[in-house]
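K.L.:
Sequence plus predicted model, see below.
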Amino acid sequence: MFALLLAASLNLFLEEPPKLEAPKHGAAKAAVVETEKAVPAKAAKKHGSVAVPEEVVAEKAKPAPKPLPKPKPAVLVKPEDSKRLVEAEARAARLAAENARLQEALAKKEAPGRVEIRDAEAGLAELKAGNRRFVEGRRVRTLLTSQDAALRETLAKGQAPFAVIVTCSDSRVMDNFVFDQEMGRIFTIREAGNCPDVQGVASVEYAAEHLGSSLVVLLGHTFCGAVKAVAEAQGKPLPGNLWSLQAAMAGLLETTHEDPNESAAEHLRHLESNNAIRQAQALLDRSEILRHLVATGKLRVVPAVYDLNSGNVAFLELPKASKGEEKAHH
């Protein structure tokens, strides 16, 4: 029995080991399919039989970056050119300084003497002369800049303007330039449409009674936006607080005759002139102080219109008050 078992064991030991067969082509393909299934569908794309991640495909699909523009060659300034430029700038600065000096010397030569203006007639003559210089392009009082420091020091001690200018807020109406007057000679009140409100009237009273101003000019101007806005509204309320302009110009449209043969621009000129006259009269109607100064000959109120194109100021006249109106004021 033992001999039989030993013989069987030897036979098993001596037998050849089983041969391993290579997997068939179909089995290999199945293994590849199983591997591809392990890659998420959204993360890879097939290129032939190879799975490629989408990120790689997208990176390859991007257009090639544009080449950077070539830097422009630097312009080299020759030393002699740089020297000439510095010399030219220095020469221009010297000429500008010399021009300013000559201009001020001429202004000093032509400037009228420092005559104290004591009444409205002298003040009106001074404004007319200054406006004439402005129109002709030969201002003098507003060019004497070397005197500014001394003038500021003097004016810090007090002021005595000979004229009050009530004008529009329009940036193109610079009354000191228009009348060629330096600091301290004109007391200015600016309101849109040259329509002084209560504070404006009070300011005129202060200048006339406390500062001794003998002349008040109610200065309108051409191409006035406030007058135009009121005219075009035709009684319909303007937005915001602009209704106050309509209130200040109440009656302007009704009292300004419109000629059927005149253009819209010509009619606007008539409205601007009439508004200056009406606002000058309104100053007197609203102020007992101003009426008293006018009655005693210490003050004169004059309407005027400044032409933006020519620079000329046309001085107008107030209508003569009837005896009944004069009694009513008194």
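P.N.:
On my side now, so go ahead. Residues are numbered from 1 along each chain as shown.

K.L.:
mind exporting stretch 73-84 as PDB, just the C-alpha atoms?
P.N.:
What follows is stretch 73-84, C-alpha atoms only, in PDB (Å, rounded to 0.1, in the frame of the first residue of the first chain):
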ATOM      1  CA  PRO A  73      13.700 102.100 -31.500                       C
ATOM      2  CA  ALA A  74      14.500 104.900 -29.000                       C
ATOM      3  CA  VAL A  75      14.900 108.300 -30.500                       C
ATOM      4  CA  LEU A  76      18.300 109.500 -29.600                       C
ATOM      5  CA  VAL A  77      18.600 113.200 -28.900                       C
ATOM      6  CA  LYS A  78      21.900 114.600 -30.000                       C
ATOM      7  CA  PRO A  79      23.700 116.700 -27.400                       C
ATOM      8  CA  GLU A  80      23.800 119.700 -29.800                       C
ATOM      9  CA  ASP A  81      20.000 119.400 -30.300                       C
ATOM     10  CA  SER A  82      19.300 119.200 -26.500                       C
ATOM     11  CA  LYS A  83      21.500 122.300 -26.000                       C
ATOM     12  CA  ARG A  84      19.700 124.300 -28.700                       C
END
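
K.L.:
Can you pull the phi and psi angles for the closest residue in space to Arg152 that isn't next to it in sequence?
P.N.:
In this structure, Arg152 finds its nearest non-sequential neighbour in Met183, 7.3 Å apart by CB to CB, 6 or more residues apart in numbering. Bear in mind the C-beta positions are built from the backbone N, C-alpha and C, glycine included. The phi/psi pair for Met183 (degrees, to the nearest 10) reads phi -60, psi 140.

K.L.:
Ala149 too?
P.N.:
Main-chain torsions, Ala149, degrees, to the nearest 10: phi -60, psi -50.

K.L.:
all helices of the chain, in order?
P.N.:
Using DSSP state H, the helices of the chain run over 2-14, 25-37, 54-61, 79-110, 120-135, 148-155, 175-178, 198-209, 225-233, 243-248, 252-255, 264-286, 288-295, 323-329.

K.L.:
Against Phe223, how distant is the residue nearest the centre of the chain?
P.N.:
The centre of the chain sits closest to Ser171, judged by CA atoms, centre = their mean, with a distance of 10.5 Å. As judged by CB to CB, to the nearest Å, Ser171 and Phe223 stand 12 Å apart.

K.L.:
Now stretch 311-323: buried residues?
P.N.:
Across stretch 311-323, burial judged by 16 or more other CB atoms under 10 Å covers Val313, Leu316, Leu318.

K.L.:
Could you let me know which of those residues ends up closest to Val77?
P.N.:
Comparing these against Val77 with CB to CB places Val313 closest, at 52.4 Å.

K.L.:
And for stretch 218-232, what's in contact with it?
P.N.:
Contacts to stretch 218-232, defined as CB atoms under 8 Å, 6 or more residues apart in numbering, come from residues 165-168, 170, 172-173, 175, 192-195, 238, 242, 245-246, 249, 252-253, 267-269, 271-273, 275-276, 279-280, 283, 301-309, 313.

K.L.:
confidence score at Gln279?
P.N.:
pLDDT recorded at Gln279 is 97.

K.L.:
Which residues are in contact with it?
P.N.:
Gln279 is in contact with Val166, Asn194, Cys195, Pro196, Leu218, Gly220, Ala248, Pro303, counting by CB under 8 Å, 6+ apart.

K.L.:
Isn't the last one up against Asn274?
P.N.:
Yep, that's Pro303 we're talking about. No: with contact defined as CB atoms under 8 Å, Pro303 does not count as touching Asn274 (9.3 Å).

K.L.:
Pro79: neighbouring residues, count only.
P.N.:
Pro79: 8 surrounding residues under other CB atoms under 10 Å.

K.L.:
what do you get for Val173?
P.N.:
Using other CB under 10 Å, Val173 has 21 neighbouring residues.

K.L.:
Could you measure from it over to Val230?
P.N.:
Val173 sits 18 Å away from Val230, going by CB to CB.

K.L.:
Selection in PyMOL covering whichever of the contacts of stretch 218-232 are buried, please.
P.N.:
A single PyMOL command selects the buried members of the contacts of stretch 218-232 (16+ other CB under 10 Å):
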select buried, resi 165+166+167+168+170+173+175+192+193+194+195+245+246+249+252+253+268+269+271+272+273+275+276+279+280+283+301+302+303+304+305+306+313
